[in-house]
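A.B. asks: Below: sequence and its predicted model.
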Amino acid sequence: MSFDFDFDLLCELTETRGVPGYEDRVRAIVRRELSERVDRVRSDAMGNVVGTIEGDSDYSVAVAAHMDEIGFMVRHVDEDGFLQVDALGGFDPRVLRAQRVTVHGEEDLTGVIGSVPPHTLTDEQREADEEVSDVFIDLGRDAEAVDDLVGVGDLVTLEQTTTRMGDRVTGKALDDRVCLFAMLAAADRIDDPAVTIHFAATVQEEVGLRGAHALGVDIDPDLAIALDVTVANDVPQIGEEADAVTRLGEGTAIKLKDASVITSPKVHGRLTAVAETEGIDHQHEVLPAGGTDTAGFQTTHGAKPVGAISIPTRYLHTVTETADGDDIAATIDLLTAFLESETGDHDYTL
């Protein structure tokens with residue numbers, strides 16, 4: 001396929017650093033991009049950004065995608081200048097060995113996550129279960145230099161660029177910047193909607209959907225749609241089809257449930273109907289574990305009809321997250337068509 005979307009913006013969003021609670025750099029990009037696409041942009045006390053396109057009615061729809069990526073916070077600098085960290089989000093410690101990182105201290109510093117060479121591993125080390133708390137970061141500097149540049153509370157992000165890989169995109173933080181990108185792309189296409197649309201870039205999703213919980217109170221929508229990546233385990237190590245969840249290249253995913261939410265049947269039903277009418281490739285998603293911002297709208301300010309659209313992604317919570325270009329395009333198409341066809345007259349009550 002040809003990437004008929006703004007690949008440079010997708011790269012900028014994914015390569016920019018922003019861990020939970022410290023999404024400032026990403027927020028600046030989102031505010032810049034939303035200001036060109038919506039009627040007004042505002043932020044709240046937590047750092048959520050909301051861009052609103054005023055519609056012809058008071059009925060409102062919220063669309064949410066989160067800005068934060070998984071990362072670390074420095075919890076200790078030892079006497080030799082090595083850093084110990086606390087995780088911000090869920091990591092599999094096995095994928096952290098020998099990764100390059102950026103430590104955001106007095107300046108941005110390149111570091112590496114240390115790994116004991118296989119030549120010198122003891123039997124005990126070979127058999128030990130790895131823990132994120134065991135991770136240490138080497139900054140290539142002596143203790144005195146590290147002490148001048150880094151302190152407890154400084155942030156750490158994984159180092160990776162975003163690139164094309166055939167018809168696919170791979171890099172860090174596609175979770176959830178690729179959905180943030182899809183939201184911005186849909187906002188760019190929508191003009192004079194029948195209902196008011198709030199495009200919300202949320203914070204702190206990776207540490208408990210915290211931004212979305214607060215956002216549900218602040219904008220009080222009549223309908224909420226969340227965007228996030230979802231598991232695509234269509235790889236050799238996954239033997240049973242039931243564990244695949246979604247497959248790359250088979251279209252955008254309409255969520256039926258995950259561990260945090262069961263989407264409203266009438267909402268995912270209409271999402272499916274729109275996809276079928278518009279000829280948009282799609283699949284249905286049942287995710288056994290993991291949560292999304294969708295749940296934030298079901299626990300605050302009363303019951304809300306909710307739905308979710310997901311982008312199938314391989315290798316989640318690594319620096320090689322991988323999504324299909326056609327699936328990204330299908331997600332933009334479905335979100336746009338759904339929002340443009342929302343009149344406020346659909347009955348989502350049960």
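C.D. replies: Thanks, I have it.
A.B. asks: For residue 29, give me its contacts.
C.D. replies: 12-13, 16 (C-beta atoms under 8 Å, 6 or more residues apart in numbering). In short, each C-beta sits where N, CA and C put it, glycine included.
A.B. asks: Show me the contact partners of the helix or strand harbouring residue 146.
C.D. replies: For residue 146, the enclosing helix or strand under DSSP states H and E is helix 143-149. Around helix 143-149, the neighbours that count as contacts under C-beta under 8 Å, 6+ apart are 77, 79-81, 83, 105-107, 109, 139, 141.
A.B. asks: repeat that with 10 Å
C.D. replies: For helix 143-149, contacts defined as C-beta atoms under 10 Å, 6 or more residues apart in numbering pick out 77-83, 103, 105-107, 109, 111, 137-141.
A.B. asks: buried subset of those?
C.D. replies: Applying a neighbour-count criterion of 16 or more other C-beta atoms under 10 Å, the buried members of the contacts of helix 143-149 are 77, 81-83, 103, 105, 109, 111, 137-139.
A.B. asks: so which of those residues comes closest to residue 296?
C.D. replies: residue 103 (30.9 Å; C-beta to C-beta).
A.B. asks: residues in contact with the closest one?
C.D. replies: 72, 74, 83, 85, 109-111, 137, 139, 146, 149-150, 154-157 are the contacts of residue 103 under C-beta under 10 Å, 6+ apart.
A.B. asks: and with 6 Å instead?
C.D. replies: Residues in contact with residue 103, defined by C-beta atoms under 6 Å, 6 or more residues apart in numbering, are 109, 111, 150, 156.
A.B. asks: How about residue 194?
C.D. replies: 55-56, 343.
A.B. asks: Residue 24 versus that one, what's the distance?
C.D. replies: 35 Å (C-beta to C-beta, to the nearest Å).
A.B. asks: Over to residue 63?
C.D. replies: For residue 63, the distance to residue 24 - C-beta to C-beta - is 22 Å.
A.B. asks: Compare those two and say which is more crowded by neighbours.
C.D. replies: residue 63 (27 against 12; other C-beta atoms under 10 Å).
A.B. asks: Bridged to the more buried one, which residues?
C.D. replies: Counting by DSSP bridges, residue 63 forms beta bridges with residue 199, residue 225.
A.B. asks: Return the per-residue confidence for it.
C.D. replies: Predicted confidence (pLDDT) at residue 63: the value is 97.
A.B. asks: And the nearest residue to residue 87 once chain neighbours are set aside, how close does it get to residue 208?
C.D. replies: Distances taken as C-beta to C-beta, 6 or more residues apart in numbering put residue 132 closest to residue 87, at 4.7 Å, once the chain neighbours are dropped. Going from residue 132 to residue 208 by C-beta to C-beta gives 17 Å.
A.B. asks: In the chain, which residue is most central in space?
C.D. replies: When C-alpha atoms, centre = their mean is applied to the chain, the residue found nearest the centroid is residue 176 (1.6 Å).
A.B. asks: State whether that residue and residue 66 are indeed in contact, as I suppose.
C.D. replies: Yes. With contacts counted by C-beta atoms under 6 Å, residue 176 reaches residue 66, the gap being 4.7 Å.
A.B. asks: shaky segments in the stretch 101-250 of the chain?
C.D. replies: Within the stretch 101-250 of the chain, the segments meeting pLDDT under 70 span 116-129, 239-242.
A.B. asks: which residues in the stretch 101-250 of the chain form helices?
C.D. replies: 123-127, 143-149, 174-189, 210-219 (DSSP state H, counting those that start in this stretch).
A.B. asks: Which strands and helices lie in contact with the third one?
C.D. replies: Spelled out, it's helix 174-189. Packing partners of helix 174-189 (3 or more C-beta pairs under 6 Å, 6 or more residues apart in numbering; DSSP states H and E): helix 7-15, strand 60-66, strand 223-231, strand 306-314, strand 321-324, helix 325-340.
A.B. asks: Let me know whether my guess that residue 283 is in a helix holds.
C.D. replies: No. Judged by DSSP: H, G, I helix; E, B strand; the rest coil, residue 283 forms no part of a helix; its state is strand.
A.B. asks: That one bridge partners, please.
C.D. replies: Bridge pairing for residue 283 - DSSP bridges - gives residue 253.
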